[in-house]
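Trainee: here are the coordinates; sequence isn't available:
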């Protein structure tokens, strides 16, 4: 199993734990702070856990990894990991602050940046994975 | 990898692209309101995430990777599998139309019905392949 896959699975487990804890404590936290964390815990589970584990495992298990391009592929995989997790951490930190009446410019900018990072991670992953999906006969 | 899995995984990738684009737009709109109508993308965002991305990717991968039958068609009826793949994607289009383009038209219910039907066909195909050949192998070895 490649190192990047192990990191993605471990990061996914952290998001899963955080997501279910937040989901379980949501009513108490929402009562105390007046902020809904629904979008945060859903995305922890759906993007941080499920999607990240799917990406990590498919990088490892899907066919078509070529020996000559190992280094180049590895760079792309780490880029996916870095973009996705930076995007998610920034999002989970800043998104609850959007509920306030006056949202600072830097919070807005951070959330927009997190959206771009998450989308960037997915498109780098798709660009790397798409050509690997081929019937056995066609692969060289 | 069988062609059906390739098609289903590619289709799931297209759905994932739409999911992140619509999700990104929703998040940006949440941070800095662009237009109130952008919230109409929300059903498209989560329906495609569930049916188009997760369900389709997992079924497509399972169809490829599960142990194959030792006799007969290795992955079960190919016609049934292709029908299920087609039903899922037609169902997705109907769900999108029903939720987003022509609301309250019955398209959404029809789409969901096709998606459920497709999933049931895949369950039927995959359940028979959730096996281990280890025992039959060791039995053969023992007899040899």
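Mentor: Received, thanks. Just so it is clear, the structure is predicted and the values come from calculations on it, not from any experiment.

Trainee: Around chain A, which positions in chain B sit nearby?
Mentor: Residues of chain B lying close to chain A (Cβ under 8 Å from any Cβ of the partner chain) are B:1-3, B:6, B:9-10, B:13, B:16-17, B:20-21, B:23-24, B:27-28, B:30-32, B:49, B:53-54, B:57, B:61, B:65. Where C-beta positions appear, they are placed from N, C-alpha and C, glycine not excepted.

Trainee: Helices - which of those land there?
Mentor: Using DSSP state H, the members of the residues of chain B next to chain A that fall in helices are B:3, B:6, B:9-10, B:13, B:16-17, B:20-21, B:23-24, B:27-28, B:30-31, B:57, B:61, B:65.

Trainee: in the top helix by length along chain A, what counts as buried?
Mentor: As assigned by DSSP H, the longest helix anywhere in chain A is helix A:3-33. Along helix A:3-33, these residues count as buried under the neighbour rule (16 or more other Cβ atoms under 10 Å in any protein chain shown): A:4-5, A:7-9, A:11-12, A:15-16, A:18-19, A:22-23, A:29.

Trainee: Equivalent analysis for stretch B:42-57, please.
Mentor: B:43-49, B:51-57.

Trainee: Can you tell me the closest non-neighbouring residue to the most centrally placed residue in chain B?
Mentor: By Cα atoms, centre = their mean, the mean C-alpha position of chain B lies nearest to residue B:56, the distance being 1.6 Å. Closest residue in space to residue B:56, ignoring its immediate chain neighbours: residue B:12 at 4.1 Å, by Cβ to Cβ, 6 or more residues apart in numbering or on different chains.

Trainee: And for the host helix or strand of residue A:59, what's in contact with it?
Mentor: Following DSSP states H and E, one finds residue A:59 within helix A:52-61. Around helix A:52-61, the neighbours that count as contacts under Cβ atoms under 8 Å, 6 or more residues apart in numbering or on different chains are A:1-2, A:4-9, A:11-12, A:15, A:77, A:80, A:84-85, A:125, A:129, B:54, B:57, B:61, B:65.

Trainee: avg pLDDT for it?
Mentor: For helix A:52-61, the mean per-residue pLDDT is 95.

Trainee: Which SSE is immediately downstream of it?
Mentor: helix A:70-94.

Trainee: Run the angle between that following helix and helix B:3-31 for me.
Mentor: Angle of helix A:70-94 versus helix B:3-31, following axes from the mean of the first three to the mean of the last three Cα atoms, to 10 degrees, is 40 degrees.

Trainee: Quickly check: helix A:70-94 near chain B or not.
Mentor: Yes - residues of helix A:70-94 are located near chain B by Cβ under 8 Å from any Cβ, namely residue A:91.

Trainee: Against which helices or strands is that helix packed?
Mentor: In terms of contacts (3 or more Cβ pairs under 8 Å, 6 or more residues apart in numbering or on different chains; DSSP states H and E), helix A:70-94 is packed against helix A:3-33, helix A:38-43, helix A:52-61, helix A:105-129.

Trainee: how far off helix A:52-61 does the longest one point, in degrees?
Mentor: Here helix A:3-33 runs at 180 degrees with respect to helix A:52-61, directions being taken by the same axes, to 10 degrees.
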